[in-house]
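Enquirer: give me the fold of what follows.
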Amino acid sequence: MHLRNGGLVKLVCGSILMSLSAISFPLAVLAQRPPLEKQQETAAAVTSTDGTVMVKLSNNTNTQISYRAIGHTENRVLLGGEEIVLRDLPVPITIVAVREDDGLLNFIVTGSESDFLEVSLNEVPSPDKSENTIRIQNDGQIFLY
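Expert: A predicted model of the protein is given here:
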């Protein structure tokens, strides 16, 4: 290839600009995503009396589950068959959980009253029914995804 008068510089600069535009495109698409409440239905709702909620997690699997209330707890382990109550979680709050054997989980809200939420963590064989995140919004709406 024979390039004159800075043609190589233009070629390289053009390639860099094309690469940068390819990187920024997915970010633009993500920025246009609708809010969570527009993407899916509410699983349940709780009412926070003082800006906090309690969440009871029940591990109904035969394996350990690692969980974390983002920004409020470190990673913790919940053994199969055990349950734990997380107290004084400020809303909004996101709780994530994963099976340590890499199996799939499904969250089922088994009860919600006032500022107390009960969630069952169950084994699920199909990825289309798998969830690993609970999100409690400021207004008490609960989303599972």
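Enquirer: for stretch 43-57, list every residue counted as buried.
Expert: Across stretch 43-57, burial judged by 16 or more other C-beta atoms under 10 Å covers 43-44, 46, 48, 53-57. In this view, the C-beta of every residue, glycine as well, is placed from N, C-alpha and C.
Enquirer: quick check: the two most widely separated of these?
Expert: S48 and L57 (18.0 Å; C-beta to C-beta).
Enquirer: ok, now which ones touch the nearest residue to P125 once chain neighbours are set aside?
Expert: Distance criterion C-beta to C-beta, 6 or more residues apart in numbering; nearest residue to P125, sequence neighbours excluded, is L104 at 7.0 Å. L104 is in contact with 123-127, 129-130, counting by C-beta atoms under 8 Å, 6 or more residues apart in numbering.
Enquirer: kindly recompute the last result at 10 Å.
Expert: Residues in contact with L104 (C-beta atoms under 10 Å, 6 or more residues apart in numbering) are 61, 98, 122-132.
Enquirer: likewise for I84?
Expert: I84 touches 55-59, 67, 76-78, counting by C-beta under 10 Å, 6+ apart.
Enquirer: on that earlier part again, which among the contacts of L104 end up buried?
Expert: For these, buried by 16+ other C-beta under 10 Å: 61, 98, 122-124, 130-132.
Enquirer: would you list those in JSON lines and tack on secondary structure and pLDDT?
Expert: Output for these, formatted as JSON lines (DSSP: H, G, I helix; E, B strand; the rest coil; pLDDT from 0 to 100):
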{"residue": "T61", "secondary structure": "coil", "pLDDT": "96"}
{"residue": "V98", "secondary structure": "strand", "pLDDT": "94"}
{"residue": "N122", "secondary structure": "strand", "pLDDT": "95"}
{"residue": "E123", "secondary structure": "strand", "pLDDT": "94"}
{"residue": "V124", "secondary structure": "coil", "pLDDT": "91"}
{"residue": "S130", "secondary structure": "coil", "pLDDT": "86"}
{"residue": "E131", "secondary structure": "coil", "pLDDT": "88"}
{"residue": "N132", "secondary structure": "coil", "pLDDT": "90"}
